[in-house]
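Colleague: next come a sequence and a model predicted from it.
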Amino acid sequence: MSLSHSHQQEERKQPSQGHEAPEYRFLAVVQESADVFWIVTPDGLMQEPYPSWQTFTGQQERECLGRGWQNALHPAAQPQIAEAAIQAVTTGSTTKRECHIRRYDGAYRLVDLRAIPVREPAGSIREVVVCGTDITGLELSGQMCDAQVQLAMAASGVGAWDWDLVTNQIMWTNQCKALWGMSTETPITYESFLQAVHPDDRKRVDQLLACALAEHTDYQTEYHVIWPDGSMHWLSDRGRVISDVHGKPIHMIGAMIDMTDLKQAEERVTTILESISDSFWHVDTRWRITYMNQKAEELSGRSREKVLGQCLWDVVPDLLGTPFEHYYRAAMAMQQTMHFEALHPTYQRWIDVHAYPAQDGLSVYFQDITERKHGEEALRESEIRFRGLVESNIIEIVVADPEGTIYEANDAFLSLLGYTCEDLAAGGMNWVTMTAPEDRAQSVHAVEELLATGRLQPFEKDYVTKDGKRVPVLIGGPLIRREGASPLLLAFVLDLTARKEIERQKDLMLGMTSHVLKTPLAALKGTFQLLQRRVKRLGTQTDHLTPEVSAFFNDLMERLAASARQVDVQTHLINDLLDVSRITANTLELSLDHCDLASIVRETVEDLRVTAPERSLLLELPEHTTVMVLADRARISQVVTNYLTNAIRYSSADQPIHIGLTIREGVARVWVRDQGPGLTEEAQKELWQRFHQVKGVPVQSGSGKGLGLGLYICQTLIARHHGEVGVESMPGKGSTFWFTLPMVK
C-alpha cells in the first residue's frame, strides 16, 4: 500500500496513532505476500478502493465499489467466489477457491484465493479479507502435463469428458469426439449426446446417468452410437460424480473407449458357438454359469435366462460325485485340459467332454455321442453274431483285397476248394488265380464296380479247386473301407454245384418233354388244317344249304381256327422251353448273315397284321435306307414278334401300337411302344429273369400269360448279337421295349 493512500486513510478515519499501527503493519504484510487483495463486507460489498485490486484489474474507484469488483471475475467464477465469501462468514473460517480474474490488459489470470474472516472483539464477523496468488504459470505447467496426458490418451484410444453440472456445459477431448465420428469443432450438449446414442440404448443410458447423479455413484455401461455417416459403433463409457463440500454434485468426469472390434469379434465367436451342432458353456472361477449356447440350452431343457449367473452345482446337482465333477474340478485346479466320456446322470445321454481351463473360469465343449455309443454297442453285437456265422460254416466266407490276396477264410470255403489253414497262413491263396480263366474278365469287371459303388453285385463264376476241379459258385458282398489302409472285400460264396446239377437235369427233361410234345401237336395242327379245307370245300360244293346247316358249317370253321391257334400257342411255349434248354446247355446256335434290319422289322409286322387284323400296328421306318446288321434273321424276327405279342396282350384293342427303327452313331435301335398300364421301377428290374411274370398287370386281349420266358430269351438272343435290351415305362403311361444292334458296312 502506498504512503499517500495510508495518509488518506489516516485523514478520513482520524485514528489514534497507537491503534492504527497494527493495521498498517497488516496491510504491508498482505501487500507483499499477495498479488492481489481486497476487503469486502459480510454482504460482499467493497467499501473502499484498494490499490492492489486497482493495479491488478485496472478498475477505477467508481467501477469496483459495491459489487462492481465482481465484474472483473470470470462469469463462471462469480457464483463460486460469492459462495466462498458467504462460507467464510457463516463458518468463521478461511475458505479457498481458484478463479479467473481479468487483468488490466484484458487477459484472465488464474488466481488462488483465500477468504479470511475478520472478527470484532465481540466475536461477530466485521469484514472479509480476500487475498490471492497468481498461479497462471503453474496452470501452464499443468497444461503441459495435460497435453502429455492427452497425447497418451489419444495413443491409447481413450476419450475423456467433463460435465459441469453447475453450468450444464460438457467438454469432450478431441479423442472423445473422434470416437463419435465428430469433428473437433462440434459443440457438445447433453441432448446431442443422447441423440447420437442408438435408440435401443438411449433410454437405458439416460436412466443410468440420472441414477448415478441422484445416488452419487459411478456410472459404467456399453452402448451403440450412430456416427454422422450412419455407421454403428460400440463404446464403453465410465463416469464419476464430483461433489462440493456440501455433497452437491458439481462435476461428472469420465472416459470412453471404442469396443467395436472387440464386440464384432465377440459376435463372430457367439455366432460360431450358436451355429455349431454341439453344446458349449462357460463358468467363472466361482462356478457361476456365464454363457451357454443354444444346443446346451436344448440339451439341458432350461432357458439361458434362468441359469445364467447361477452356480453350476445348483443348476445340475446330479453331477456331484460323478466323473463330471471330478474332471471339471481337476481341470480348474491344475489348469489342464480334460477329455473324457461319461453317461450324463441328468440327461441320460452319453457325452464326449472337452474342458478347457483359463484364468477367468472353465469352458466346456460337449458332444452328444449317444447314437455313436449305441452304434458301437450294436457293432460289437454284430461282430459277435458275424463271428458266429463265420465259425458256423453254414456259408462260405472270405476276406480279400481287390488284387485277389485272401487274408481270411472260414473252414467251409477252405473245404470247398480243397485248401487248409496252413495254405491260408502261408499267403498263397489268391482268388484271381483260383478263378476259371474264362471268368476272370468278368471278375475284374465286378471288382471295378465294387470299388466304384462299395458293393459287389452277386454274380456266378467257376472256381478251380486245389486239385484242378471246377466248382460253380455265386459270389457277392460289401467293400470294407479302412482309414489309412487299402479296402477289403467281405465276400459271401455260395456253392452252386447241387443247383447246377438240378438245373441240368431239369433242362434235359424240358428238352426231352418238348421234343415229345411237339410231334403230336404238329399232327394235331395238320388234322385241324385238313378239316378246315374239307369243311370249306364241302360248304362251297353243296347248294341250297338250310340255315341250320350253314350255321353249323360256320361255327365248325371258327372252332377249327381257334383250335389251330391254341396249337400255335402251345408250340410257341414248347419252342421257348427248347430255347431255354439250349441256352442253359450252351447249345443255342445262331445263323449269322448280313441282312437288312429294316426289312426284318417290316416283314415281321406284316405277318402279325395277318394274324391280328383287328389291331392297329403303326410302323415308322427310315425311308430309302438300308440298315445292315450281322444277325440271325429268324432270331431277330423272334425278338420283334415277342415284343409285339406282349404289346398286343397287355394293351387295349382300340389303342394303336407303334413300331420304329432309328439309327445313331453306328447303332440301330428297334422299339415297340404300347399304351398299356405301364410298369413300376421294381417290376422293370425283374422283367428279364427266367420264368418271371409281372403281377397285377391284367391281360387285355389275346391268350393268357405265358411261361415268363419270352423276355429272357430276347435278352439272351440280343446279347449273343452284341446288342442291348431295355424298357422305358411309367405306371399308367404305357411301355416302350427296345433293343439295339451294331451296324455293319
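Modeller: Structure received.
Colleague: pLDDT weak spots in the stretch 101-250 of the chain?
Modeller: Of all residues in the stretch 101-250 of the chain, those with pLDDT under 70 make up the ranges 137-156, 245.
Colleague: for it, what spans make up the strands?
Modeller: Remark: strands assigned in the stretch 101-250 of the chain by DSSP state E, counting those that start in this stretch are 108-119, 125-134, 158-164, 169-172, 219-226, 232-243, 249-258.
Colleague: could you dump those to CSV with distance to Lys295 and mean neighbour count?
Modeller: Just so you know, the C-beta spots here come from the backbone N, C-alpha and C atoms, and that holds for glycine as well. Formatted as CSV, the strands of the stretch 101-250 of the chain follow (distance: least, C-beta to C-beta, whole Å; neighbours: other C-beta atoms under 10 Å):
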stretch, distance to Lys295, mean neighbour count
strand 108-119, 63, 18
strand 125-134, 70, 19
strand 158-164, 38, 19
strand 169-172, 44, 16
strand 219-226, 27, 17
strand 232-243, 27, 17
strand 249-258, 32, 18
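Colleague: closest to Glu98 out of those?
Modeller: Glu98 lies closest to strand 108-119 among the strands of the stretch 101-250 of the chain, at 5.5 Å (C-beta to C-beta).
Colleague: give the pairing partners of that closest one; include direction for each.
Modeller: Applying DSSP bridges, strand 108-119 is found paired with strand 95-102 (antiparallel), strand 125-134 (antiparallel).
Colleague: re the thing from before, save the strands of the stretch 101-250 of the chain as a markdown table, and put in distance to Thr322 too.
Modeller: Shown next, in a markdown table, are the strands of the stretch 101-250 of the chain (distance: least, C-beta to C-beta, whole Å):
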| stretch | distance to Thr322 |
| --- | --- |
| strand 108-119 | 70 |
| strand 125-134 | 74 |
| strand 158-164 | 47 |
| strand 169-172 | 56 |
| strand 219-226 | 38 |
| strand 232-243 | 40 |
| strand 249-258 | 43 |
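Colleague: which one of these lies nearest to Phe492?
Modeller: strand 232-243 (65.6 Å).
Colleague: which other helices and strands contact the closest one?
Modeller: helix 199-215, strand 219-226, strand 249-258, helix 260-275 (3 or more C-beta pairs under 8 Å, 6 or more residues apart in numbering; DSSP states H and E).
Colleague: and Leu414, how many residues sit next to it?
Modeller: As a burial measure, Leu414 scores 21 neighbours (other C-beta atoms under 10 Å).
Colleague: residues in contact with it?
Modeller: Residues in contact with Leu414 (C-beta atoms under 8 Å, 6 or more residues apart in numbering) are Thr420, Cys421, Asp423, Leu424.
Colleague: can you select the buried ones from those in ChimeraX?
Modeller: Filtering the contacts of Leu414 down to the buried ones (16 or more other C-beta atoms under 10 Å) takes a single ChimeraX command:
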select :423,424
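Colleague: closest to Val307 among the contacts of Leu414?
Modeller: Distance to Val307, by C-beta to C-beta, is smallest for Leu424 among those, at 60.9 Å.
Colleague: spatially nearest residue to the closest one, not counting backbone neighbours?
Modeller: In this structure, Leu424 finds its nearest non-sequential neighbour in Ala409, 5.7 Å apart by C-beta to C-beta, 6 or more residues apart in numbering.
Colleague: pretty sure the one you found contacts Val399?
Modeller: Yes: at 7.3 Å, Ala409 counts as touching Val399 under the criterion of C-beta atoms under 8 Å.
Colleague: who has more neighbours out of these two?
Modeller: Each of Ala409 and Val399 has its neighbours counted (other C-beta under 10 Å); Ala409 has more, 25 against 17.
Colleague: pLDDT score for the more buried one?
Modeller: On pLDDT, Ala409 comes in at 88.
Colleague: so what's the backbone phi/psi at Ala426?
Modeller: Reported as degrees, to the nearest 10, the phi and psi values for Ala426 are phi -70, psi -10.
Colleague: pLDDT score for it?
Modeller: For Ala426, the model assigns a pLDDT of 87.
Colleague: burial count for it?
Modeller: 10.
Colleague: circling back to that earlier point, so which of the helices and strands packed on strand 232-243 comes closest to Thr55?
Modeller: Going by C-beta to C-beta, the one of those nearest Thr55 is strand 249-258, 32.3 Å.
Colleague: tell me the strands beside that closest one, with direction?
Modeller: Counting by DSSP bridges, the strands paired with strand 249-258 are strand 158-164 (antiparallel), strand 232-243 (antiparallel).
Colleague: for the stretch 451-600 of the chain, which segments are assigned as helices?
Modeller: For the stretch 451-600 of the chain, the helices defined by DSSP state H, counting those that start in this stretch cover 497-541, 547-584, 597-611.
Colleague: list the buried residues for the shortest one?
Modeller: Neighbour counts over helix 597-611 (16+ other C-beta under 10 Å) mark Leu597, Ala598, Ile600, Val601, Arg602, Thr604, Val605, Leu608 as buried.
Colleague: can you give the distance of it from its chain's centre?
Modeller: Between the centre of helix 597-611 and the centre of its chain there are 61 Å (C-alpha atoms, centre = their mean, to the nearest Å).
Colleague: check which element follows it along the chain.
Modeller: The first helix or strand that comes after helix 597-611 along the chain, using DSSP states H and E, is strand 617-620.
Colleague: past that next one, which element shows up next along the chain?
Modeller: Sequence-wise, the next helix or strand downstream of strand 617-620 (DSSP H and E) is strand 628-631.
Colleague: what about that next one, distance to the chain center?
Modeller: Counting by C-alpha atoms, centre = their mean, strand 628-631 comes out at 57 Å from the chain centroid.
Colleague: kindly report the same for stretch 75-82.
Modeller: On C-alpha atoms, centre = their mean, the centre of stretch 75-82 falls 68 Å from that of its chain.
Colleague: please shift the residue numbers so they start at 34 in all later answers.
Modeller: Happy to do that; since the first residue is 34 now, the last one works out to stretch 108-115.
Colleague: keeping just the C-alphas, turn it into PDB.
Modeller: The C-alpha trace of stretch 108-115 is given here as PDB (Å, rounded to 0.1, in the frame of the first residue of the first chain):
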ATOM      1  CA  PRO A 108     -18.600 -15.000 -15.300                       C
ATOM      2  CA  ALA A 109     -18.400 -18.700 -14.500                       C
ATOM      3  CA  ALA A 110     -16.400 -17.900 -11.300                       C
ATOM      4  CA  GLN A 111     -18.600 -15.200  -9.900                       C
ATOM      5  CA  PRO A 112     -21.000 -17.600  -8.100                       C
ATOM      6  CA  GLN A 113     -18.100 -19.600  -6.600                       C
ATOM      7  CA  ILE A 114     -16.300 -16.500  -5.200                       C
ATOM      8  CA  ALA A 115     -19.600 -15.100  -3.800                       C
END
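Colleague: what residues does that stretch touch?
Modeller: Residues from elsewhere that reach stretch 108-115 (C-beta under 8 Å, 6+ apart): Gly77, Gln103, Leu106, Arg130, Cys132, His133, Ile134, Leu146, Val199, Thr200.
Colleague: buried residues in it?
Modeller: Across stretch 108-115, burial judged by 16+ other C-beta under 10 Å covers Ala110, Gln113, Ile114.
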